[in-house]
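Novice: Sequence first, then the predicted structure:
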Amino acid sequence: MTQLYAVRMDVALPPDMDPAARGDLLAREKAYSQEWQRSGHWRHIWRCVGEYANLSVFAVESNEELHSILWGLPLFPHMTMTITPLAGHPSDIALAGPGA
Ligand SMILES: O=C(O)CC1=CCC(=O)O1
């Protein structure tokens with residue numbers, strides 16, 4: 001069964017990182033992220049305003065699958081992550097039946 005997770009990723013690159021290496025890393029990160037977005041596993045990615053961070057929503061089959069996707073991020077060694085498993089909310093009108 002598909003499980004949803006909110007993942008906040010805070011990025012901290014070394015300030016003295018070589019610009020070419022930085023550019024290559026970010027290009028690989030973008031390609032990797034967009035591949036998972038196209039597959040439907042990475043449902044949303046939003047910039048956290050004013051921060052080098054994003055809030056993303058993943059749809060995966062297991063903790064292990066999410067771990068594998070996150071572990072593969074080229075930026076993974078430079079990120080701190082906060083992961084929140086999501087459950088349906090009883091007040092969500094999208095989950096209620098007609099007339100509810
Ligand atoms: O810029 C970020 O928030 C880090 C990141 C994760 C996936 C991506 O393309 O960039």
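Specialist: Yep, that arrived. Please read these numbers as outputs of a predicted model, since none were measured by experiment.

Novice: list the buried ones in the longest helix seen in the chain?
Specialist: Assignment by DSSP state H gives helix 19-39 as the longest helix of the chain. For helix 19-39, a neighbour-count test (16 or more other Cβ atoms under 10 Å) marks 25, 29, 32-33, 36 as buried. Quick note: C-beta positions are derived from backbone N, CA and C, even for glycine.

Novice: can you put those in a markdown table and add distance to the ligand and pLDDT?
Specialist: Putting the buried residues of helix 19-39 into a markdown table (distance: Cβ to the nearest ligand atom, whole Å; pLDDT from 0 to 100) gives the following:
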| residue | distance to the ligand | pLDDT |
| --- | --- | --- |
| Leu25 | 10 | 98 |
| Glu29 | 5 | 98 |
| Tyr32 | 7 | 98 |
| Ser33 | 4 | 98 |
| Trp36 | 9 | 98 |
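
Novice: Now name the helix or strand holding the spatially most central residue of the chain.
Specialist: Taking Cα atoms, centre = their mean, the centroid of the chain lies closest to Ser56, which sits 3.7 Å from it. According to DSSP states H and E, Ser56 maps onto strand 53-60.

Novice: Can you name the residues of this protein that neighbour the ligand?
Specialist: 9, 11, 29-30, 33, 54, 75 (Cβ under 6 Å from any ligand atom).

Novice: quick revisit: what's the closest of the buried residues of helix 19-39 to Arg47?
Specialist: Nearest to Arg47 among these is Ser33, at 12.7 Å by Cβ to Cβ.

Novice: Lovely, talk soon.
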